[in-house]
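Colleague: Any chance you can model this:
(2 chains, ligands or ions: 2)
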Amino acid sequence: MSALRIEKGSSSHSAYDLRDYHSEVIEKHTLAVLVDNEAGVLARVIGLFSGRGYNIESLTVAEVNHDSHLSRITVVTTGTRDVIEQIKAQVGRIVPVHEVHDLTVEGPSIERELALFKVQGTGNNRIEALRLAEIFRANVVDSTLESFVFEMTGPSEKIDAFADLMRPLGLVETARTGVAALARGGKG
Amino acid sequence: MTRQMTGAKMVVQALKDQGVDTVFGYPGGAVLPIYDEIFQQNDIKHVLVRHEQAALHAAEGYARSTGKVGVALVTSGPGATNAVTGLTDALLDSIPLVVFSGQVPTFMIGTDGFQEADTVGITRPCTKHNWLVKDTDTLSGTIHQAFHVATSGRPGPVLIDLPKDVQFAEGNYTAPAKINVSHYQPRVKASIEEINGIVDLLEKAERPVFYTGGGVINSGTGASQLLRELVDATGFPITSTLMGLGAYPASGKSWLGMLGMHGLYEANMAMHDCDLMINIGARFDDRITGRIQDFSPHSTKIHIDIDPSSINKVIRVDLPVIGDVGHVLEDVLKVWKSRGRKTADTSAWWKQIDEWREVRCLTYKNSDTIIKPQYALQRLQELTKGMDRYITTEVGQHQMWAAQFLGFEDPNRWMTSGGLGTMGYGFPASIGVQMAHPDSLVVNVAGEASWLMNMQEMGTAMQYRLPVKQFILNNERLGMVRQWQQLLHGERYSSSWSEALPDFVKLAEAFGAKGIQCSDPKDLDDAIMEMIEYDGPVIFDCLVEKHENCFPMIPSGKAHNEMLLGDASTEGAIKSDGAVLV
Ligand SMILES: Cc1ncc(C[n+]2csc(CCOP(=O)(O)OP(=O)(O)O)c2C)c(N)n1
Ligand SMILES: [Mg+2]
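Modeller: Ligands and ions are numbered 1, 2, ... in the order given. Down below sits the predicted model:
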């Protein structure tokens, strides 16, 4: 019977399938989903995640092609390899979904998020906040004598790091857009 | 060609253009314009059910027994919410349905209008897709698209929500051929590498088993033909899920019987010990696999399925093949033949299987005085086999016994609620089947409790002169619940008694139908013949042994080779950790 054993993944798609699917390791993946921009499409995608118990770490959506009414949903999700594969297959069979790309495994990609931080304080804290903002290339988009609003774009980790630094300096409010992501290189 | 007409007229026109001849439905304020159009034509027959859930199950029975799309029409609000169980049932069993629901006028949506419900919101997770049509010009395109989605890829139910003003307004009607049916085109053919991969494995296997499911039936009668050819040419044993019965004939020599929780010993043992499992259109449901960790531990697994999300969802397979069963089987046969029809020697495997068959796992202790449910089904089988016969079932012990003791020679002859397990499915389904096959014998094998869940459909059966036979195995118990309570909950029979049952014979007579009661095994054959020969609906109240258990049984959380057999001791059979499973 061992003569019948065929290598895992030797039949289907690509090299990733050679990795251990039964791994219990939780991975974080960024999915780009191209959908018809029709009523309820976001509810379908989100409903699938909640209905089947998948995680959503971040979600963004906007129309990206006005002529063909296509929207791009970017979802950051976590799960074991098995779960991530299931998520892609489940999302892929939603009728208005055209394409599902797993940017985490399909090659190098760039991920960006925009965040706004309101930091309140005076004296040294205020000076320190401004100094750190410069280091992180955050812009001041609003200020009063006791506060700043910083604007920053970057990978989520950078935004997390900046938020951690601002917290003891008087961070009172944060707004984040969630991740937008594209594959690197010239191919569309 | 486009034509101006009202939305309501478009619905009827689109149904005609899609080849629909029967619609199951129930009227109400929000669909009156459509009912008005139905009234003024004769091409499409409307069947007035007595509850919208029944309209959906009837449409499922119609669809499953014909291979066509089932169509239902319900009003807004309560009409739509009553349809939810049927939609979910059809989704889990992959039955193609197109359901129309009325909706309050577009300008009232969101105001909590009379009989307003968020129907697309409520039915989003229980349809393959749904639409709220807000513009009459887009209506015909949406309907044609709905038929395309319901039938393409893995079939399923779709719903179109129709505000009343959209039904009244005029718009352009477009015929099906003119419609661009979108990007939704699931893959149906497998690659040549995948086909070769399958053939490689078929040629080498020493202990192979075909494990087939509802996907074979959905793929059409041609797929069942190809399956029979492949099974008979290779001589490999074949088992099937509840949903796949009839794809391979029960009289075929390679047939092992159904597998799974109440499947046959030889089928489950073959699944456990095989070296090659060829899953064709089945989905490794938990009723099939038992304990996942111990599921068929030594086999290489092929999985042919049209739905990519079925692959590796529950069981990791070695060779996944995405495609339509019919297409894939055709290619496999072609390649396997061209390579010289090779198989390894499977005689030792068959010898082993024959030993398992010797266990005679369906043996039960018969009685001269009490009708055993198994005996009743054996007699039904004996007296109706060879007839032009369709069987539907309700849900419970009787359903499993029907699967075990009735033999299906052809696809589309067996209608049962597999995935959702919906009590109340069988009676309306039998109505849908009889509408499609007016001259055939249609028998609903029922439990008394399930049957009561949609008994109002006696009215429908009488009105349309549908001679459906309601064969009720009356054990005066919610038998399957009682069996689990006996095995899992210390014989504490909490709410599993069917108390205050009606007199079924008088009930039949109250509707103008025929009632037959039988309690003596000696009278059974005559009574069954009387039921078959009567030209009209019959309620057959078959009083059976009350505490019979359905065996074999793989208790939840156990492996295939840990089946309980009828004569096996059942004490302490289910560990407490299995008790949390359903
Ligand atoms: C709508 C619905 N409610 C509850 C159940 C749970 N259930 C499964 S079988 C069963 C008992 C069915 O009793 P009966 O129809 O008399 O069939 P029997 O098992 O006695 O043959 C119940 C309550 C179900 N499957 N469907
Ligand atoms: Mg019962």
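
Colleague: C-alpha from now on. contacts and neighbour counts both.
Modeller: Noted.

Colleague: Quick one: the strands in chain A, in order.
Modeller: In chain A, the strands defined using DSSP state E lie at A:27-36, A:58-65, A:70-79, A:97-102, A:109-120, A:139-143, A:147-154, A:171-176, A:180-183.

Colleague: Using PDB, write out every CA atom in the shortest one.
Modeller: As requested, the backbone C-alpha atoms of strand A:180-183 are provided in PDB (Å, rounded to 0.1, in the frame of the first residue of the first chain):
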ATOM      1  CA  ALA A 180      -4.600  48.000   1.500                       C
ATOM      2  CA  ALA A 181      -2.200  45.700  -0.300                       C
ATOM      3  CA  LEU A 182      -0.800  45.100  -3.800                       C
ATOM      4  CA  ALA A 183       1.600  42.500  -5.200                       C
END
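
Colleague: Can you report how many residues lie near the residue of the stretch 101-250 of chain B found nearest ligand 2?
Modeller: Residue nearest to ligand 2 within the stretch 101-250 of chain B: B:Leu242 (19.7 Å; CA to the ion). By other CA atoms under 10 Å in any protein chain shown, 29 other residues sit near B:Leu242.

Colleague: any idea of the pLDDT on it?
Modeller: pLDDT for B:Leu242: 98.

Colleague: Name the surrounding residues that touch the particular helix or strand that has B:Gly102 in it.
Modeller: Taking DSSP states H and E as the definition, one finds B:Gly102 inside strand B:97-103. The contact list for strand B:97-103 (CA atoms under 8 Å, 6 or more residues apart in numbering or on different chains) reads B:30-31, B:59-60, B:63, B:69-77, B:79-80, B:90, B:116-117, B:146-147, B:150, B:156-164.

Colleague: Mind listing the strands that strand pairs with, and their directions?
Modeller: Strand pairing for strand B:97-103, determined by DSSP bridges: strand B:70-74 (parallel), strand B:157-163 (parallel).

Colleague: So for B:Leu564, which of those sits nearest?
Modeller: Nearest to B:Leu564 among the strands paired with strand B:97-103 is strand B:157-163 (36.8 Å), distances taken as CA to CA.

Colleague: what sits up against that closest one?
Modeller: So strand B:157-163 is contacted by B:30, B:87, B:90-91, B:94-106, B:119-120, B:123, B:126-134, B:143, B:146, B:149-150 (CA under 8 Å, 6+ apart).

Colleague: just stretch B:509-523 next, same as before
Modeller: By CA under 8 Å, 6+ apart, stretch B:509-523 touches B:367-371, B:458-459, B:462, B:504-508, B:524, B:527, B:531, B:536-544.

Colleague: about what we covered before: mark which of the contacts of strand B:157-163 are part of strands, please.
Modeller: Counting by DSSP E, the contacts of strand B:157-163 place B:Leu97, B:Val98, B:Val99, B:Phe100, B:Ser101, B:Gly102, B:Gln103, B:His129, B:Asn130, B:Trp131, B:Leu132 in strands.

Colleague: Those: which two are farthest apart?
Modeller: Among the ones in strands among the contacts of strand B:157-163, B:Leu97 and B:Gln103 lie farthest apart (CA to CA), at 18.9 Å.

Colleague: quick one on the thing from earlier: could you tell me which of the contacts of stretch B:509-523 belong to strands?
Modeller: Using DSSP E, the contacts of stretch B:509-523 in strands are B:Val538, B:Ile539, B:Phe540, B:Asp541, B:Cys542, B:Leu543.

Colleague: Skipping adjacent residues, who's closest to the residue in chain A that chain B sits nearest to in space?
Modeller: Proximity of chain A to chain B (CA to the nearest CA) peaks at A:Ala89, 4.6 Å away. Take A:Ala89 and drop its neighbours on the chain: the residue closest to it by CA to CA, 6 or more residues apart in numbering or on different chains is B:Ser309, 4.6 Å away.

Colleague: and that neighbour, how many residues sit next to it?
Modeller: For B:Ser309, the count of nearby residues is 19 (other CA under 10 Å).

Colleague: same question, the one 5 residues further on
Modeller: With neighbours defined by other CA under 10 Å, the count for B:Val314 comes to 15.

Colleague: and what of B:Gly67?
Modeller: Neighbours of B:Gly67 using other CA under 10 Å come to 19.

Colleague: show me where the stretch 351-500 of chain B has strands.
Modeller: Secondary structure of the stretch 351-500 of chain B by DSSP state E, counting those that start in this stretch: the strands cover B:389-393, B:414-415, B:441-447, B:469-474.

Colleague: Report pLDDT for residue 183.
Modeller: Let's take chain A. In this model, A:Ala183 is scored at 96, pLDDT.

Colleague: wait, I meant chain B there
Modeller: Note on B:His183: pLDDT of 81.

Colleague: And B:Leu159, by the same measure?
Modeller: Looking at B:Leu159, its pLDDT reads 99.

Colleague: Who's the closest spatial neighbour of whichever residue of chain A sits closest to ligand 1, skipping the chain neighbours?
Modeller: With CA to the nearest ligand atom as the measure, A:Gly51 is the residue of chain A nearest to ligand 1, at 20.8 Å. With CA to CA, 6+ apart as the criterion, A:Gly51 has its nearest non-adjacent residue at 7.9 Å, and that residue is B:Pro125.

Colleague: Let me know whether the one you found touches A:Ile46 as I believe.
Modeller: No - using CA atoms under 8 Å as the test, B:Pro125 is too far from A:Ile46 to be in contact (10.8 Å).

Colleague: mind showing which ranges of chain A have poor pLDDT?
Modeller: By pLDDT under 70, the weakly predicted segments of chain A are A:1-22.

Colleague: and B:Met462, how far is that from ligand 2?
Modeller: 25 Å (CA to the ion, to the nearest Å).

Colleague: for that residue, what are its contacts?
Modeller: So B:Met462 contacts B:Phe511, B:Gly512, B:Ala513, B:Gly536, B:Pro537 (CA under 8 Å, 6+ apart).

Colleague: do B:Asp388 as well
Modeller: B:Ser440, B:Leu441.

Colleague: one step back: nearest to ligand 2, out of the strands of the stretch 351-500 of chain B?
Modeller: Across these, closest to ligand 2 is strand B:441-447 (CA to the ion), at 4.4 Å.
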